[in-house]
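Show me how the following folds:
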Amino acid sequence: MPPPEPRIGKIDLETFSATVLTRLGAPDGSVIVPPFTGVDAGVVDLGDGKVLIVAEDPILAIPGQPLEIFGWYTVHIGASDVAVMGVKPRYMTYTLLLPPKTSDADLETIIDAIHEAALELGIAIVGGHTGRYPGLAAPLIGGVTVFAVADKDGYVTPRGARPGDDVILTKGPAIEAAGILATVREEDLLKIHPPELVERAKALTREMTVVKDALVAVEAGGVTSMHDATEGGVIGGLFEVANASGVGMIVDETSFICPEEVKMVCDFFGIDPVAAIAEGSLIITAKPGSSEEIIRRLHSAGIRASVIGTVTADQEERVMKRSDGRTVPLEIPEQDPFWPVFFEAVTDPSG
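All right, here's what the predicted structure looks like:
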């Protein structure tokens, strides 16, 4: 029997632990937050009470989406991984790789959009690489690196959740999955759903950021950890926070905000929304007395949020009560359900 094909998307936790985490180059005592599953950015001690916070991501272009949006979320997705550390992103580099036939006009559109998004967030672009190369079917950000300097006691990590903390979720699950699939499969959705609802789903691609969510929350006070729920969705992100912090977690899906457009897209494609890629959905743990103020400030900033559970001391107690009454373990899904549907859509010549 042939071995099973590797899953699409991020490598699994076991492979990550056995390969990446055992091959981290030269040991250096100044690295105070090294790579770890669920930790969005690294932290390096610069001395004099300052630290460097740095994160990197690849960015794929979405077929059928304007190049302006590609440039926008290049910056926001990269910046989100620094913002969840409770720090305003300040600098970035990026590598833009293009198919050989990319026009100068399209190149300029992408770079303009990256520039404008960086201006919007107050980020200085300090380096990178841009070029046309064979073998590429669409524009690709080989890596966007975002970093900032902060006080040594002025940041949080996904390792900070403590027993008794509330668990808060912004926007709801599957924000990225719903937005992207509504874009690449718009015609299919329109066969049975009203155009206004499909447009709202497509507009979720502009919600694929947690920069504002994170900075508003940390400014409110009482935040103990934050994590951007990306691949593996909210259920995977919750596991990663619990695992990184060495705690348990009890979560209730019925407490989630779940926008109608997200439910529509996930139902159409048979995707479990809590397991699907969710850039834009921020997981926050906070001291219980702070949750009301955090949610109030988020709502004032136009970001919906709700308390969805609590942190416990028992590491064996990591569970989610599903909306159908089942209780399931928090875990990283074996396969994020978004990727097979996405690649089926973009490789199917019939659309």
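
use CA for all of it now, contacts and neighbours both
Noted.

all strands for the stretch 251-351 of the chain, in order.
282-286, 305-312, 318-321, 327-329 (DSSP state E, counting those that start in this stretch).

Next, format those strands as a markdown table and append mean pLDDT.
What follows is those, written out as a markdown table (pLDDT from 0 to 100):
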| stretch | mean pLDDT |
| --- | --- |
| strand 282-286 | 98 |
| strand 305-312 | 98 |
| strand 318-321 | 98 |
| strand 327-329 | 98 |
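
Could you identify which of those is most buried?
Ranked by mean neighbour count, the strands of the stretch 251-351 of the chain are led by strand 282-286 with a mean of 28 (mean count of other Cα atoms under 10 Å).

Contacts for that one next, please.
Contacts to strand 282-286, defined as Cα atoms under 8 Å, 6 or more residues apart in numbering, come from residues 161, 165-171, 210, 213-214, 222-229, 234, 237-238, 311.

mind listing what the residue lying closest to Leu60 once chain neighbours are set aside touches?
Spatial nearest neighbour of Leu60, chain neighbours left out: Leu140 (5.3 Å); criterion: Cα to Cα, 6 or more residues apart in numbering. Leu140 is in contact with 58-61, 96-98, counting by Cα under 8 Å, 6+ apart.

Break down the stretch 201-350 of the chain into its helices, ranges please.
Secondary structure of the stretch 201-350 of the chain by DSSP state H, counting those that start in this stretch: the helices cover 211-220, 233-245, 260-269, 291-300, 338-347.

could these be laid out in JSON lines, adding mean neighbour count, mean pLDDT and distance to Thr157?
What follows is these, written out as JSON lines (neighbours: other Cα atoms under 10 Å; pLDDT from 0 to 100; distance: least, Cα to Cα, whole Å):
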{"stretch": "helix 211-220", "mean neighbour count": "22", "mean pLDDT": "98", "distance to Thr157": "12"}
{"stretch": "helix 233-245", "mean neighbour count": "25", "mean pLDDT": "97", "distance to Thr157": "9"}
{"stretch": "helix 260-269", "mean neighbour count": "18", "mean pLDDT": "97", "distance to Thr157": "28"}
{"stretch": "helix 291-300", "mean neighbour count": "18", "mean pLDDT": "98", "distance to Thr157": "17"}
{"stretch": "helix 338-347", "mean neighbour count": "16", "mean pLDDT": "83", "distance to Thr157": "27"}
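
and of those helices, who's closest to Thr327?
helix 233-245 (12.3 Å; Cα to Cα).

That closest one vs strand 282-286, what angle?
40 degrees (axes from the mean of the first three to the mean of the last three Cα atoms, to 10 degrees).

Any regions of the chain where pLDDT drops low?
Counting by pLDDT under 70, the ranges of the chain that qualify are 1-5, 346-351.

So it: which segments form each domain?
In terms of domains, the chain is parsed into 29-151, 166-347 (source: automatic domain parsing).

just how off-centre is the shortest one within its chain?
What separates the centre of domain 29-151 from the centre of its chain is 13 Å, taken as Cα atoms, centre = their mean, to the nearest Å.

start to end distance for that domain?
18 Å (Cα to Cα, to the nearest Å).

And for Leu169, the neighbour number?
Residues within reach of Leu169, counting by other Cα atoms under 10 Å, total 27.

Ok, Gly49 next?
11.

just to revisit the earlier point, which one of the helices of the stretch 201-350 of the chain lies closest to Lys191?
So among those, helix 260-269 is nearest, using Cα to Cα, at 11.1 Å.

Tell me the spacing between Lys287 and Ala161.
9 Å.

Find residues that contact each of those two.
Thr224.

which SS state does the closest residue to Ala117 other than its chain neighbours fall under?
Leaving aside its sequence neighbours, Ala117 sits nearest to Trp72 (Cα to Cα, 6+ apart; 5.4 Å). The assignment at Trp72 comes out as helix when based on DSSP: H, G, I helix; E, B strand; the rest coil.
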